[in-house]
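A.B. asks: below is the sequence, then the predicted model.
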Amino acid sequence: MREIFYDREVPVEILYKGRRVTSAFKFHFIVEHQLIIEVETFAEGDLGLKEHFKDRLSSWLRLSGYETGFLVNFQATDLRNGIKRLIVSGNEPVLHWR
């Protein structure tokens, strides 16, 4: 209704050591060509799995050149606590996990 542009299941190409790797991974959603949204389900108490998804999103952001991503956990008891923002910016990426 608000005409927000997004793509689903977007294959991402990356350059690795000068070689193009096609379909290295897929983003669940890219919103307005600038925001990545990854949707997962994991128990709130499973900190290891939460860190795994956070690290994976961080790597994907760095490799793709995007700066901001959201990790959405649909298994959270309260969805407001199940959404985390990750920002990777600057020459030396600084991670802001909120």
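C.D. replies: Here it is on my side, so go on.

A.B. asks: isn't Val31 up against Tyr6?
C.D. replies: Yes - counting by CB atoms under 8 Å, Val31 touches Tyr6, with 4.7 Å between them. (Each C-beta comes from the backbone N, C-alpha and C, glycine too.)

A.B. asks: neighbour-wise, which of those two wins?
C.D. replies: Val31 (15 against 12; other CB atoms under 10 Å).

A.B. asks: can you pull the contacts of the more buried one?
C.D. replies: The neighbours of Val31, taking CB atoms under 8 Å, 6 or more residues apart in numbering as the test, are Ile4, Phe5, Tyr6, Ile37.

A.B. asks: and those residues, which of them are in strands?
C.D. replies: Tyr6, Ile37 (DSSP state E).

A.B. asks: which ChimeraX command selects the buried ones in the contacts of Val31?
C.D. replies: Here is the ChimeraX command that selects the buried residues among the contacts of Val31 (16 or more other CB atoms under 10 Å):
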select :37
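
A.B. asks: just checking: what are the partner strands of the strand ranked longest in the chain?
C.D. replies: Ranked by residue count and defined by DSSP E, the top strand of the chain is strand 19-31. Strand pairing for strand 19-31, determined by DSSP bridges: strand 6-16 (antiparallel), strand 35-40 (antiparallel).

A.B. asks: using CSV, lay out the ones you listed together with distance to Leu71 and mean pLDDT.
C.D. replies: Shown next, in CSV, are the strands paired with strand 19-31 (distance: least, CB to CB, whole Å; pLDDT from 0 to 100):
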stretch, distance to Leu71, mean pLDDT
strand 6-16, 16, 83
strand 35-40, 5, 87
